[in-house]
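1. Got a sequence here, can you build the structure:
(2 chains)
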Amino acid sequence: MSKAILYDSTLCIGCKACEGACAERWGLPYNDKIAAEETISAHKLTAIETHGDKFCRRLCMNCVQPACVSVCPVGALQKTALGPVTYDADKCMGCRYCMQACPFQVPTYEWSSRLPKMRKCNMCYERQSAGKPTACAEACPVGATVNGDRDELVAEAKRRLAEKPDQYYQKIYGIQEVGGTSVLYLSAVPFAQIGLRTNVPEEPLPETTWRVLELVPDIVSTGTVLLGGIYWITNRRTEVAKKEGRR
Amino acid sequence: MTRKLPKITVWRAIFAAILMSGLYATYLRVFYGLGGSTNLSDKFPWGIWIAFDVMCGVGLAAGGFTLVAMVHIFNIEKYHPILRPAILTAFLGYSLVVVGLLYDLGRPDRLWHPLVMWNPHSVMFEVAWCVTLYSTVLFLEFLPVVLEKFGLHKPLQWIHKISVPLMILGVLLSTLHQSSLGTLFLIVPEKLYPLWYTPILPLLFYVSAIAVGLAMTIFESWHSSRAFGRALELPLLMSMGRVLAVVLSVYLWIRFLDLSHRHAFALLAQNRIETWLFLLEIALMVVPMVLLYQQRIRSSPGKLYACAVMVVFGFITNRLNVGSTGLEAGSGTHYIPKWSEIAITLSIVATGFAIFRIVGEYFPIFEAHSVETAPAGMEEREAEPIEVS
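-> You can find the predicted model right below:
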């Protein structure tokens, strides 16, 4: 049973209670100035964006098959069975490949720190492990952010689309995108209009590099035989030539 | 000699100025972090320290494995005189790539982490291992030079015994990580501009690394012949120019097929910065290819050198396009390196030149006997004596 978050943009009133709860959960400062920032950063792991009269909440998508987890050379990022994608700062060497690889540009960096860490939402892994909902879902006064099992939330989202077809754009963001995400979106308008990336592939991104990486054993074994063989042939030719020359 | 003296002073002044600015940039990097020393951002996490220092650095050092394969595995003995400088360039190149990484990594003190904390699904993990192992191989391939210098014959024999598997290992490791630097970018299909994003990026990176390895060998032979007042191994470099022309043709043909199969040529109709950078990159490969097919060009040291320089710049343009400019639009941001990023990059390059110069002066890099005897025999076949300056 993998956990997920369903964010319904049509219900969101932009009160930013989720932002405050998130900051509190991470022990990050939160004030009016930070509240006014509409982008996620190392000191703000979730943000409410305003798109005209619509709102959209940004946070880590905790992908089902995360690009960041596959690219991390030291395994600092892990996809847990529970659903959240967790980060072990003690392993991280700061190559920032996770930031480059993330199709949603979620991981952020402590750029001004001398011993920097990557920062991102981990869908309240500790809270969810203890059976509690995520801080943002708990704080949301209107139920725009709800937390639960992914399968159930997908079913719930489909129910809403079917019940009020004229209020919703008839798609769920996060079902097909990069093979599925653990944060699902509903919206009244096409997703691009609330700032979600619609050009992400449907294929899970780790596949793109694994297709090449899985060839490594073949390349090594074939290469060894080939190069060794070529060496043997070419050098034998000179050895023979040397001997014949001497005669 | 006296005529050359002021010129050297100017170069030394430039060298000193670069190092001073690099030193100050290093201070900024150490005390103010990546934020204080780079223009990187959450949306654009990799800058020229990755796109140039690492991606170009590794590529420009490809002459080492290309020549080792040609001389020792394919047994084309005639290239032997330029093998050692190529190995030195490679060894220096990889060492400087590591220096570049120490600047770029957020936690350089954890450079060793990938060696103990494994993630075989990560391209970066594979690159880290290959670069570490290959640097060791290059060290061992270069070690005989040091041992010869100090007359240590016993260890020299030991190294000689393992030299064949060592060289095969070196070529394999290079094949893996030269291509893997391209694989790194397969994970960003939605960010990298389609003129560059292709599933065969690893193949293109590998073939272009071979091409630039040959070009760098010509480049460094030309420079060291000037710096050390040696005769240029022109007949050798001429035939190498011929090989380079063929490798460039193969590369450009694969590139053409890929673009046409992906229907990407239509993108060239758009007046965007990416279009022009792409055309620049291709021109810097096509022009030297066409020129190198001509005997007239190959047999002139200056023109051969110019072709090699064009290939090197074409290669650098390609790596910067894939690693930086081609990602800007897809990342929804602009990136122009900060002065300190450029200062450190220039310092690293300048240090490379300086160390090559010093090592070339004090260690037996250039085969004395071949310079004295072989070119004399070869020069007879050339119409005119070899004139470099």
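
2. dump the residue contacts of the residue of the stretch 201-350 of chain B found nearest chain A.
-> In the stretch 201-350 of chain B, the residue that lies nearest chain A is B:Pro202 (5.4 Å; Cβ to the nearest Cβ). Bear in mind the C-beta positions are built from the backbone N, C-alpha and C, glycine included. Counting by Cβ atoms under 8 Å, 6 or more residues apart in numbering or on different chains, B:Pro202 touches A:212, B:179-180, B:182-183, B:186.

3. May I see the buried residues of the helix or strand containing B:Val171?
-> Secondary structure from DSSP states H and E places B:Val171 in helix B:163-183. Of the residues in helix B:163-183, those buried under the neighbour-count criterion (16 or more other Cβ atoms under 10 Å in any protein chain shown) are B:164, B:166-183.

4. What of stretch B:242-249?
-> For stretch B:242-249, by 16+ other Cβ under 10 Å, it's B:243-245, B:247-249.

5. Using CSV, write out the CA atom coordinates for it.
-> Once non-C-alpha atoms are left out, stretch B:242-249 reads as follows in CSV (Å, rounded to 0.1, in the frame of the first residue of the first chain):
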residue,chain,number,x,y,z
ARG,B,242,43.8,11.2,-42.5
VAL,B,243,42.4,8.9,-39.7
LEU,B,244,40.8,12.0,-38.1
ALA,B,245,39.0,12.9,-41.4
VAL,B,246,37.5,9.4,-41.5
VAL,B,247,36.4,9.4,-37.9
LEU,B,248,34.8,12.9,-38.4
SER,B,249,33.0,11.6,-41.4
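
6. ok, and what's touching it?
-> B:207, B:210-211, B:214-215, B:218, B:285, B:288-289, B:292-293, B:298, B:307-308, B:311.

7. and it, how far out from the chain's middle?
-> Chain-centre distance of stretch B:242-249: 17 Å, with Cα atoms, centre = their mean, to the nearest Å.

8. circling back: contacts with chain A among the buried residues of helix B:163-183, please.
-> B:164, B:168, B:171-172, B:175-176, B:179-180, B:183 (Cβ under 8 Å from any Cβ of the partner chain).

9. Look at A:Tyr185 and say how many residues are nearby.
-> The number of residues packed near A:Tyr185 is 24, by other Cβ atoms under 10 Å in any protein chain shown.

10. where does it land in three-state SS?
-> strand (DSSP: H, G, I helix; E, B strand; the rest coil).

11. May I have the residues that are in contact with the residue of chain A with the smallest separation from chain B?
-> Residue nearest to chain B within chain A: A:Gly94 (2.1 Å; Cβ to the nearest Cβ). Residues near A:Gly94 by Cβ under 8 Å, 6+ apart: A:109, A:116, A:118, B:105-108, B:110.

12. Contact partners for the closest residue to it other than its chain neighbours?
-> Nearest residue to A:Gly94 in three dimensions, chain neighbours excluded: B:Gly106, at 2.1 Å (Cβ to Cβ, 6 or more residues apart in numbering or on different chains). B:Gly106 is in contact with A:92-96, A:109, A:116-117, B:34, counting by Cβ under 8 Å, 6+ apart.

13. B:Gly106 looks like it's in a helix, true?
-> No: counting by three-state DSSP, B:Gly106 is located in no helix; its state is coil.

14. tell me the pLDDT at it?
-> B:Gly106 is assigned 95 on the pLDDT scale.

15. Tell me how far it lies from A:Cys92.
-> Between B:Gly106 and A:Cys92 the distance is 8 Å, computed by Cβ to Cβ, to the nearest Å.

16. So what are the structural domains in chain A, by residue number?
-> By the assignment in automatic domain parsing, chain A contains the domains A:3-205, A:215-246.

17. For chain A, which segments count as strands?
-> For chain A, applying DSSP state E gives strands covering A:3-8, A:47-51, A:54-58, A:77-79, A:85-87, A:108-109, A:118-119, A:145-149, A:183-186.

18. For those, could you give me CSV that also reports mean pLDDT?
-> Below are the strands of chain A laid out as CSV (pLDDT from 0 to 100):
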stretch, mean pLDDT
strand A:3-8, 96
strand A:47-51, 95
strand A:54-58, 95
strand A:77-79, 96
strand A:85-87, 96
strand A:108-109, 96
strand A:118-119, 96
strand A:145-149, 95
strand A:183-186, 97
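
19. Near B:Lys149, how many other residues are there?
-> 12.

20. quick one: pLDDT of the closest residue in space to it that isn't next to it in sequence?
-> Excluding its sequence neighbours, the residue lying closest to B:Lys149 (Cβ to Cβ, 6+ apart) is B:Phe363, at 5.3 Å. If you check B:Phe363, the pLDDT there is 86.

21. my read: B:Phe363 touches B:Leu143, true?
-> No: at 11.1 Å, B:Phe363 does not count as touching B:Leu143 under the criterion of Cβ atoms under 8 Å.

22. Low-confidence stretches in the chain?
-> Since no chain was named, I'll use chain A. Across chain A, the ranges flagged by pLDDT under 70 are A:246-247.

23. that's the wrong chain, I wanted chain B
-> For chain B, the ranges with pLDDT under 70 are B:1-8, B:367-389.

24. For chain A, what's the nearest residue on it?
-> B:Gly106 (2.1 Å).

25. Where do the helices of chain A begin and end?
-> Ranges of helices in chain A, per DSSP state H, are A:17-26, A:32-36, A:67-71, A:97-101, A:125-129, A:135-139, A:150-163, A:206-213, A:216-246.

26. What residues of the longest one count as buried?
-> Within helix A:216-246, the residues that count as buried by 16+ other Cβ under 10 Å are A:216, A:223, A:227, A:231, A:234.

27. can you list these in CSV and add distance to chain B?
-> Output for the buried residues of helix A:216-246, formatted as CSV (distance: Cβ to the nearest Cβ, whole Å):
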residue, distance to chain B
A:Val216, 6
A:Gly223, 5
A:Leu227, 5
A:Tyr231, 5
A:Thr234, 4
